[in-house]
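Novice: heads up, no residue letters with this:
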């Protein structure tokens, strides 16, 4: 049996999502027990490049049907179309679980990350694409404010560009405020499924860069555990406080992002190539719900200021979130990825 299918059958509390909106990759993931998928402009651009022959007719048709549309308009039409197509594969699971699984995430325009109102408006627009949508927005100070309002309006959020315990806690508290406002007005929350992503591997990347930039002699194996330690700490606090948001682990860099969370009530969003590597591995599928990164490794990591900011419950204030190194690098990549997508569309529109 494939390792991911074995994971989902033996530990159904540990969900698997496909970290792509490619229908071919999503079908492989679904065959191995996955129950969700995600998009963002970078993912959409990468899928378009890999599957260009499949999507080229739609790009050309949209340009013909909407001659007045800008390149940006057309890019978002493609994002919606690709996400909507993938959503159909997930719809049966969404209906079976009454909204608790079977969702696809759409990400608001990365350019809006400092403006809560723009994120809210765009989030509502994207949520209307399909019934089983989930709305991603960056966990900046403005994003935290947007989560509360989107939740209040009945939209299930997925916090992204999130790396730290403080961001995870601020997200969960914002969602709780939104849910309580709905409950106070007698509005239904039974089908809502809020999620907070921690991009564990990008924390590892950030710390490795810090060590290299500062020319520190540091145990390299300790740097592979930073993201795992942060998620495990956030998860413990989520359980203790009874938050109704579910944690998601993203940005795979090593097998620990899967193996160490088997048995935990979390979501693992896994790129297709990592799914293949996991399924073909010899790692045993066993319960790691009680696993914690050892104290010696934590002490080593705590000598790094950037790890302390991410690991300490009060390591950051909301106004600090968008200035953390991993946040700024990821936002630049998202913004560049969006520009690449627009350039791809431009190649068809401007001939």
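Specialist: Arrived safely, thanks for sending. The shown structure was predicted, so the numbers you read here are calculated from the model rather than taken from an experiment.

Novice: and after the lowest-mean-pLDDT helix or strand in the chain, which helix or strand comes next?
Specialist: Within the chain, confidence by mean pLDDT, DSSP states H and E is lowest for helix 41-50 among all helices and strands, at a mean of 90. Once the chain leaves helix 41-50, the next helix or strand it forms, by DSSP states H and E, is helix 52-65.

Novice: just the buried residues of that next one, please?
Specialist: Neighbour-count burial for helix 52-65, counted by 16 or more other CB atoms under 10 Å, picks out 55, 59, 62, 63. In this view, the C-beta of every residue, glycine as well, is placed from N, C-alpha and C.

Novice: how far does that helix sit from the chain's center?
Specialist: 28 Å (CA atoms, centre = their mean, to the nearest Å).

Novice: which element is residue 298 on?
Specialist: helix 295-301.

Novice: which strands and helices lie in contact with that helix?
Specialist: Applying 3 or more CB pairs under 8 Å, 6 or more residues apart in numbering; DSSP states H and E, we find helix 295-301 packed against helix 220-223, helix 226-241, helix 305-311.

Novice: measure how far it is from the centre of its chain, please.
Specialist: For helix 295-301, the distance to the chain centre is 27 Å (CA atoms, centre = their mean).

Novice: in it, what counts as buried?
Specialist: 297, 298, 300, 301.

Novice: the first one and residue 256: what is the separation?
Specialist: Meaning residue 297. Distance from residue 297 to residue 256, counting by CB to CB, to the nearest Å: 12 Å.

Novice: ok, now residue 48?
Specialist: Separation of residue 48 from residue 256 (CB to CB) stands at 31 Å.

Novice: got it, and residue 312?
Specialist: The gap separating residue 312 from residue 256 is 21 Å, by CB to CB.

Novice: who has more neighbours, the two?
Specialist: residue 256 (21 against 15; other CB atoms under 10 Å).

Novice: I'd say the more buried one and residue 225 touch.
Specialist: Yes: applying CB atoms under 8 Å as the test, residue 256 and residue 225 come out as touching, 6.9 Å apart.
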